[in-house]
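In: My questions concern the predicted model and sequence given below.
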Amino acid sequence: MKICCLVKEVPDAAVQKRIDPATKRLDRSGEKNLNPFDTHGIEAAMQIREGDAVQVDEIIAVTMGPESAVRALHKAVALGADRSVHLTDAALEGCDVCATGYALAKVLEPEQPDLVLLGQQSDDGECYTIGAVVADHLKMPSLTQVIKIEVEDGKLVCERQAEYGYDTVEVDLPAVISVGDAINEPRYPSLKAIMGAKKKPLDTKATGEVGIEADQVGESGSKTQVLEINPPPTKEAGEVFEDEDTNETVSRIVAWMDERKLL
Amino acid sequence: MNFELSDEQRLLRATVREFARAEVAPVAEELDRTKAFPYELVAKMGKLGLMGIPFGEEYGGGGADTLAYALCVEELARVDSSVCITLAAHTSLGTMPIHLWGTNEQKAEWLPALCAGERLAAFGLTEPEAGSDAGATRTRARLDGGEWVIDGAKQFITNSGTEISGCVTITAVTGEDDGGVPTAARRGPASQGRREISNIIVPNGTPGYEPGEPYRKMGWNASDTRPLSFDGCRVPESNLLGRRGEGFKNFLHILDGGRIGVAAMGVGLAQGALDEAISYAKERRAFGQPISKFQAIQAKIADISAQIEAARLLTYRAALEKDRGESFTLTAAQAKLVTGRLAVRATEEAVQIHGGYGYIEEYPVCRFYRDAKILTIGEGTDEVQQMVIARQLGC
C-alpha cells in the first residue's frame, strides 16, 4: 500500500492571527508549524504501517506552499513519512480551496496512492473541505471526520463522527480520508528523526511539471472572491439572574429560554 | 551576525516545547509536592533521544550541537526545573566526561544506556570541604592489586541515588603530583601543594559506595540530590577516566560547558515566569480592568522581557562559540552569571505580579521562585563566575 499524507504549513498556534486588509488574506508571517490536524493523518498512516493488516510500502508527505513550507515537510518526515513532495510556484499564490484541491490532486495523480490521508481541517483557514475537493478531482471516494480506520481485505472500515453519534462506513480503495483529532495521539518526532529529516528525499515540483493549468490556479483561477472581511458581531451583554430562591431562579431561566424558543 | 536557528534546531525546540507543555506541565506540581523522581518522564525523554542530545550517534546519541542542547534545556526549564536539571546534569556533567575522555571500552559500556535514558550518570566533584575550592578534594583513591580503593565523601550530587543511576564519575586524589596544573580555584589554602587528582568511574551498587538519603531542598524537589560516601570502595584500575593526574583540569572543562546548560536553565525559568506573569496579569482584574493595563505591572513585564532576550542571546553565543571550537570560558561564565540573577529576579517579579496567589503552591510561579535561587549557586556560584570572568579579562 502507498499512502500519501497531505500536510500544510500554518501559523503557529501561539501566533495571534490577523487578516491582512490589503490582500484580504490571512497574514502568514511569524512562527509557523505543521498543521497540527495533519499530524493525526501522518500518525494514522504510521499506525496502519505498524499494524499487521496490510503492508505499507511507502508513506509520502505532500504539501503545496511557499519555500518555507519545506519545514512542514521536514516535520512530516521526522514523524515517519519516507519522503516528501513540495509543490511550490509563484503562480499558486492566492489559490482558494477549489484551486488548491485541484493543484494537490495534480501532484497526487502520478503518485497513484492507495490512500490519501489528511487532517480534517487546517489550523488557519479551517475550511474542512480540501479532502473532498481532492477526492473529486481524483475520482476517489471521500470520508471526513474519521476517528477510526481499520484495513480489511483491501477495503477500509471507518468510523466517522456524525452530528449525533458515529457512522461506520466501508470504503473501497483508493480513497481520500480526512481524520479528526480524536483518531490518535500523534507521537513526538525523536531527536534522531529530526536530525535525519533532511536526508530523506524531497521532490520540489513547479506547476508545469505536474500538468497544472495556469488558469485553474492562483487568485485568478480561484472560484471564490473575497469581497469584504468583517469581525464577527460583538456579543450582546447577557442577563444575570441573581439566585435568591433557587426554585424561582430555575423558573425564570426556563421562562427566559422558552421565550427565545431555546427549549 | 546570523540569529537564525537551523531547521533542525527549530523543530527540536518546537518538539521539546510541546513535550514540556503536554507531558511535563500537568505533573510538575505533583512531582514537586511529593518530591517524586520523574522516572516516567525520563523514560519518555530517553525514547525521544533527549537524554543523549550532544553525543555520538554510534552510541545512540543525537549528534546535535550545543545550541540544540541549550534550546531543549531552555524549553524544559520554562515548565519544570527538576525535570530539566535531571536531564542537564545527566548530559553535561554525568555523561560528558565519558564521552570526552572515555576509552572505547568505557564508551561502549556506558554510553548506549546513558543516551537511551535507561541509566543516569552523576558527576562527583563537590565535597563537604571542597565546593568553590573544588581542588581541595579529600577523597582519595589508591591502587591495590589492580584496583582503585576509594575513601572519602561527596555532596550535593545530582542523579546519584535513583533506581536507574548507573554510575558516578568522581574526582579523587591519586597521588601527590597534580601534573602542574595551576588553576584559579586552587588558590585557597586547603588546596595548596602538589596533588595528583584523577577521575574514576564508580558504578552504582559497588560495595563500599553508598549514596546517602536525599537532601531536603528549597527547590528542584523532584530531582535526586544526595551525599555520597566511599569506604574502602574497590573498582577496577581500568575505571580510571582520562589520564591519571588530569582529573581536575578535565572537570573544570566540564564545568565550563555545563555553565551553558545552566545558563539556558536560567533563561528558560525566567521565560516561564514571564509567561505565567503575563497570562495572570491579563486575566486578573482590579479597579475595573485587567492588571496588565496598569503601568506598574507593564514596567515589570517589559523590563524582564528585555532582560530575557539579552540573556538568551548571550547564552546562545556561548553555545555557538563552543560549537565553533572557540574558547567559550568567558562567555559561558558571563551567561551563567547573568541568567542566574535574572531567573531570581524574574521569578520574584512574577510572584509579585500574582500578589497573594503567587505565594500559594497551586500557581507555578511559587515553585519557580523556589527553583530559581540555586541558579546563582550551582555549577559555580556567582562569585566564582565573577572570578572566572575577571581572570579572563586579565585581572
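Out: That came in fine, so what should we check first? Numbering: from 1, shown residues only, chains lettered A, B, ... in the order given.
In: Give me the nearest residue to the residue in chain A that chain B sits nearest to, chain neighbours excluded.
Out: Taking Cβ to the nearest Cβ, chain B has its nearest neighbour within chain A at A:Leu191, 3.2 Å off. C-betas here are computed from N, CA, C, even on glycine. Closest residue to A:Leu191 apart from its sequence neighbours, by Cβ to Cβ, 6 or more residues apart in numbering or on different chains: B:Gly49 at 3.2 Å.
In: and the one you found, what does it touch?
Out: Taking Cβ atoms under 8 Å, 6 or more residues apart in numbering or on different chains, we find B:Gly49 in contact with A:190-192, B:61-62, B:115.
In: Could you report the neighbour count for the closest residue to chain A within the stretch 151-300 of chain B?
Out: Per Cβ to the nearest Cβ, B:Asp275 is where the stretch 151-300 of chain B lies closest to chain A, at 10.2 Å. Neighbour count of B:Asp275, defined by other Cβ atoms under 10 Å in any protein chain shown: 15.
In: from what I can see, B:Phe37 looks like it's in a strand, true?
Out: No. B:Phe37 is assigned coil when assessed by DSSP: H, G, I helix; E, B strand; the rest coil, not a strand.
In: Do I have it right that it meets B:Asn221?
Out: No. If you go by Cβ atoms under 8 Å, B:Phe37 and B:Asn221 don't touch, sitting 9.9 Å apart.
In: Contacts only, for residue 96.
Out: This is for chain A. Applying Cβ under 8 Å, 6+ apart, the residues near A:Asp96 are A:222-224.
In: Please refer instead to chain B.
Out: When contacts are counted by Cβ under 8 Å, 6+ apart, B:Met96 touches B:54, B:254, B:257-258.
In: ranges for the helices of the stretch 51-200 of chain A?
Out: With DSSP state H, counting those that start in this stretch as the criterion, the stretch 51-200 of chain A has helices at A:70-78, A:97-108, A:130-138, A:191-196.
In: what does the third one rub up against?
Out: Around helix A:130-138, the neighbours that count as contacts under Cβ under 8 Å, 6+ apart are A:6, A:97-98, A:100-102, A:104-106, A:108-109, A:116, A:118, A:120, A:122, A:141-142, A:144, A:174-178.
In: re earlier: before we move on, which element is the residue of the stretch 151-300 of chain B closest to chain A in?
Out: Using DSSP states H and E, the element containing B:Asp275 is helix B:247-283.
In: mind listing what's buried in that helix?
Out: Using 16 or more other Cβ atoms under 10 Å in any protein chain shown as the test for burial, helix B:247-283 gives B:247-248, B:250-274, B:276-278, B:280-281.
In: Ok, stretch A:82-91 next?
Out: Here stretch A:82-91 shows A:82-89, A:91 as buried, counting by 16+ other Cβ under 10 Å.
In: wait, does that stretch contact chain B?
Out: No. Contact of stretch A:82-91 with chain B is not found when judged by Cβ under 8 Å from any Cβ of the partner chain; the minimum separation is 13.0 Å.
In: From start to finish, how long is that stretch in a straight line?
Out: Stretch A:82-91 has an end-to-end distance of 28 Å (Cα to Cα, to the nearest Å).
In: Could you pull out the strands in the stretch 101-250 of chain B for me?
Out: Under the criterion DSSP state E, counting those that start in this stretch, the stretch 101-250 of chain B carries strands at the ranges B:120-124, B:140-144, B:147-158, B:165-175, B:196-203, B:209-211, B:225-236, B:240-241.
In: again but with chain A, I slipped
Out: Counting by DSSP state E, residue ranges of the strands within chain A are A:2-6, A:9-11, A:19-20, A:25-26, A:32-34, A:58-64, A:83-87, A:115-119, A:142-152, A:155-161, A:166-172, A:175-179, A:202-205.
In: The closest residue to B:Trp148 other than its chain neighbours: neighbouring residues, count only.
Out: In this structure, B:Trp148 finds its nearest non-sequential neighbour in B:Ala141, 4.5 Å apart by Cβ to Cβ, 6+ apart. The tally of other residues near B:Ala141 (other Cβ under 10 Å) stands at 29.
In: now swap in A:Gln55 and tell me
Out: Around A:Gln55 there are 8 residues (other Cβ under 10 Å).
In: Next SSE downstream of the helix or strand that contains B:Ile353?
Out: Per DSSP H and E, B:Ile353 falls inside helix B:329-354. Per DSSP H and E, helix B:329-354 leads on to helix B:364-372 as the next helix or strand towards the C-terminus.
In: any weak-confidence spans in the stretch 51-200 of chain A?
Out: For the stretch 51-200 of chain A, no stretch has pLDDT under 70.
In: show me what contacts A:Tyr166?
Out: Here A:Tyr166 is in contact with A:147, A:159-160 (Cβ under 8 Å, 6+ apart).
In: Same question for A:Leu173.
Out: By Cβ under 8 Å, 6+ apart, the residues touching A:Leu173 are A:1, A:114-115, A:154-156.
In: can you narrow these to ones near chain B?
Out: By Cβ under 8 Å from any Cβ, no member of the contacts of A:Leu173 lies near chain B.
In: Mind giving me the ChimeraX select for the contacts of helix A:130-138, buried ones only?
Out: Of the contacts of helix A:130-138, the buried ones go into a single ChimeraX selection, burial set by 16+ other Cβ under 10 Å:
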select /A:6,97,98,100,101,102,104,105,106,108,116,118,120,122,142,144,174,175,176,177,178
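In: Whichever residue of the stretch 51-200 of chain B sits closest to chain A in helix, strand or coil?
Out: Here the stretch 51-200 of chain B gets closest to chain A at one residue, B:Gly62, 3.9 Å apart by Cβ to the nearest Cβ. Recorded secondary structure, B:Gly62: coil (three-state DSSP).
In: How about it, nearest residue that isn't a chain neighbour?
Out: A:Leu191 (3.9 Å).
In: Isn't B:Lys336 up against B:Gly261?
Out: No. Contact criterion Cβ under 8 Å: B:Lys336 and B:Gly261 do not qualify, at 9.4 Å.
In: show me where pLDDT drops low in the stretch 251-395 of chain B?
Out: Checking the stretch 251-395 of chain B against pLDDT under 70 turns up nothing.
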